[in-house]
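# Below are the sequence and a predicted model; questions follow.
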Amino acid sequence: MEPNKTNPNPVVVEGGEENWASRTWALLSTLRDQSPLVQCITNFVSMDLMANTLLAAGASPAMIHSAEEIPEFTPHARALCINVGTISHDWLPAMKLAADVANKAGRPWVLDPVAAGASGFRLKACLELVGKKPTVIRGNGSEIIALSMASVGCSKGIDSSHESVDALEAAKSLALATGAVVSVSGAVDIVTDGHRVVGGHNGVAMMQKITATGCSVTALIAAFVAIDPSHPLEATASAFSIFGIAGEMGLELAKGPASLRTHLIDSLHGLDQATVLSRVKITAL
Amino acid sequence: MEPNKTNPNPVVVEGGEENWASRTWALLSTLRDQSPLVQCITNFVSMDLMANTLLAAGASPAMIHSAEEIPEFTPHARALCINVGTISHDWLPAMKLAADVANKAGRPWVLDPVAAGASGFRLKACLELVGKKPTVIRGNGSEIIALSMASVGCSKGIDSSHESVDALEAAKSLALATGAVVSVSGAVDIVTDGHRVVGGHNGVAMMQKITATGCSVTALIAAFVAIDPSHPLEATASAFSIFGIAGEMGLELAKGPASLRTHLIDSLHGLDQATVLSRVKITAL
Amino acid sequence: MEPNKTNPNPVVVEGGEENWASRTWALLSTLRDQSPLVQCITNFVSMDLMANTLLAAGASPAMIHSAEEIPEFTPHARALCINVGTISHDWLPAMKLAADVANKAGRPWVLDPVAAGASGFRLKACLELVGKKPTVIRGNGSEIIALSMASVGCSKGIDSSHESVDALEAAKSLALATGAVVSVSGAVDIVTDGHRVVGGHNGVAMMQKITATGCSVTALIAAFVAIDPSHPLEATASAFSIFGIAGEMGLELAKGPASLRTHLIDSLHGLDQATVLSRVKITAL
């Protein structure tokens, strides 16, 4: 990996978790300054909201998925987001190729294993992608549990009556087994590298009533990791927090999920330093 | 078909058409309680609004179209929605496979024959899908007329200067020939099983200026039929009414088609019992 | 080309550039009266906004991309829009076929060479499409420069420090080499046939923060060219102006890019004569 190429102005924030708010703001403002190119190979449902999320945050999205273009184009992207939501046999090879090219070019990449357990085909595809060493994996609880069980090969200790606890243990196991930062969306967003665990406490429940919010936060994670590829855990937690704050502010104006979607993107675009510094809620777990 | 599996809490509403409002509310509140999984194999244009419509109504959408996944995944869905809007030769086999799997698993499924008459390829694809016995077919007048003429093999009596009357006759013929409930969107939404005919009088004209509203009401019909698969005519009329009421309420706040789209989804999410009971307009025709 | 078929009521506006506002209004009101069918073969990201833009303007969008349907369907469309945003090897043949069918049927067609320079595959695809004689090409500065350099085969005089000037020269060269009207979105939108050059001064910068606004104005150009295929330069400049005015009015109500998107479409739908006549800003350059 060549940090000087992937990150011309690395973000350096001293101190521990008390400095999450400062770090998050530094990442967002650097993102806005640098407008990193983020390539997304994603599902048909999420393309619109994902592109608008990246634009509102200050990044430059590129929805390019053709195998013919990946060897030439992917090295120019600062980060790659792969999402298997509407995967089919003809899209998987390009996803794998893009992961390989990103790895070779030293670019971070983020995997969203949508509905990982929905079929054997999908689970196998996700495991093949996990095998290509994503920088970050982001899913919901059941996706991360499915992936961890299939990846680590053991379901012991998984108690389905305690999904949030299970997801944490699954995330830690998956992180240790793969080397990826693993994150789980939920009432508290969990981010872990297998050793450290942090929790993101921003966001509102109604965001789950908008399609593609999960996909979009994954793309935002890719944009944040593009800015600070040496600290994927911190970048991931910060991205969750920024998206969650935008949702909180959006909810203040919203009358339902569709207006929440509108106000969330508007808020993400308009977030200022004072708001970010006062609202970021990230803690050690 | 195994009703106990597909419909754990069947909706039972006694009485005739005077009870449409009660039945519609019962279906919606049961839908919200059960959050049925609805698989959609649909066109690229409608995926976003369709998923958001299902989420706002309380259902769980899954946009999964890969033939590799259908044998394993489709039986878990409570209903299936197939929409041919952006069909191509590589999507048709998965649509046919999904219809077969849904039939075998006793799941209801709904067909949206978008632009059925636009080409020979498309009409043939629609006829092949019709041959797989959809529970409900939902189209606009020209689509249902095209399908009925091609399916029943006779255009006698079709007078193009009276499209709504023609559509009603076409719908009845198609229903009798196929065994499906056939519904036609229009100023009055028509629903028929070939014998009974009911009309839905909710909705506003500006909904036609929003892309994918027709596709989305078809998906909502699938969700309602998932709740009451034994009464597809009633479920279909109720879904039309709920979507139409959301549109009426949305129009009260809208300044044009894009804000109508936002307010429609917000209203759908927020619909309460009093509103539904007072606004449902379904009559025998 | 058979103007009587493609344009039953041609727009005739006498006079020079002082009459741009009258011409633009005449085009829009004729578009609303005729509701021309516009076929779009476009990328997955833009389908929703593009269809809604066409509907709000008064056109009838059809997102049909299957090679099986094009020979039969495309001649019924009044104009065709081809956009290579998410192109892959399996979509290119249909794009080329549709261009051929449109040409044979005497239908105007518009090319949007999204990210033309992003890869050799993409540039080659764009050049093949350019070779099929689009009526109008619409891109941003870097796309038109990439296409012009590859097409005309010469980069002399291209000074990257003056992109807007470069884009103008590139557009003129490309127009002369291909016979297309070439247009470049920017702070000032440029439209040229290689001899005349006009500038559109409507629009707001925040429109660039909404995905698919560029794609959507290309589709709107197709709708306007459908109305007046004999004057593609004028139709293109008018479409830019109408979309830009809708953006200006939208911004008056917007709190960020997502609400701008909503208000833009609402405004486009509601534009009246007085607003158009007072706001159109098109000049000779």
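Thanks, I have it. Numbering: from 1, shown residues only, chains lettered A, B, ... in the order given.

# Of all the residues in the stretch 151-285 of chain A, which one is nearest chain B?
Closest to chain B within the stretch 151-285 of chain A is A:G256: 2.8 Å, counting by C-beta to the nearest C-beta. Heads up, the C-betas are built off the backbone N, CA and C, glycines and all.

# Can you show me the strands along the stretch 101-250 of chain A?
Along the stretch 101-250 of chain A, counting by DSSP state E, counting those that start in this stretch, strands occupy A:109-112, A:136-140, A:181-185, A:189-192, A:197-200.

# Give me the phi and psi angles of the residue nearest to A:G139 when sequence neighbours are not counted.
Of all residues not flanking A:G139 in the chain, A:P113 sits nearest, at 5.1 Å (C-beta to C-beta, 6 or more residues apart in numbering or on different chains). Main-chain torsions, A:P113, degrees, to the nearest 10: phi -90, psi 60.

# per-residue confidence at A:A246?
Turning to A:A246, the model gives it a pLDDT of 98.

# Ignore what I typed, I meant A:S151.
85.

# Identify the residues contacting it.
Taking C-beta atoms under 8 Å, 6 or more residues apart in numbering or on different chains as the contact definition, A:S151 lies against A:L127, A:V130, A:L174, A:A177, A:T178.

# got JSON lines for the strands of the stretch 101-250 of chain A, with mean neighbour count too?
JSON lines is the format used below for the strands of the stretch 101-250 of chain A (neighbours: other C-beta atoms under 10 Å in any protein chain shown):
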{"stretch": "strand A:109-112", "mean neighbour count": "31"}
{"stretch": "strand A:136-140", "mean neighbour count": "27"}
{"stretch": "strand A:181-185", "mean neighbour count": "28"}
{"stretch": "strand A:189-192", "mean neighbour count": "26"}
{"stretch": "strand A:197-200", "mean neighbour count": "22"}
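
# related to what we said a few turns ago, look at the residue of the stretch 151-285 of chain A closest to chain B and say how many residues are nearby.
22 (other C-beta atoms under 10 Å in any protein chain shown).

# how near is it to A:M206?
A:G256 sits 8 Å away from A:M206, going by C-beta to C-beta, to the nearest Å.

# now swap in A:D166 and tell me
25 Å.

# same deal with A:V38?
A:V38 sits at a distance of 26 Å from A:M206 (criterion: C-beta to C-beta).

# Which of these two has more residues huddled nearby?
A:V38 (29 against 18).

# how about the helix or strand hosting the more buried one, does it reach chain B?
For A:V38, the element it lies in under DSSP states H and E is strand A:37-41. No - using C-beta under 8 Å from any C-beta of the partner chain, strand A:37-41 stays clear of chain B, coming no nearer than 15.2 Å.

# Just want the angle from the helix or strand that that strand is followed by to helix B:47-57.
Later in the chain than strand A:37-41, the nearest helix or strand by DSSP H and E is helix A:47-57. Here helix A:47-57 runs at 90 degrees with respect to helix B:47-57, directions being taken by axes from the mean of the first three to the mean of the last three C-alpha atoms, to 10 degrees.

# what angle do helix A:47-57 and strand A:37-41 make?
Using the same axes, to 10 degrees: helix A:47-57 against strand A:37-41 is 160 degrees.

# Report the buried residues of helix A:47-57.
Of all the residues in helix A:47-57, those buried under the rule 16 or more other C-beta atoms under 10 Å in any protein chain shown are A:M47, A:D48, A:L49, A:M50, A:A51, A:N52, A:T53, A:L54, A:L55, A:A56, A:A57.

# Any residues of chain A in contact with chain B? List them.
So chain A meets chain B at A:43-45, A:48-49, A:85-90, A:115, A:118-122, A:209-212, A:254-259, A:261-262 (C-beta under 8 Å from any C-beta).

# Please pick the buried ones from those.
A:43-45, A:48-49, A:85-88, A:115, A:118-119, A:121-122, A:209-212, A:254, A:256-259, A:261-262.
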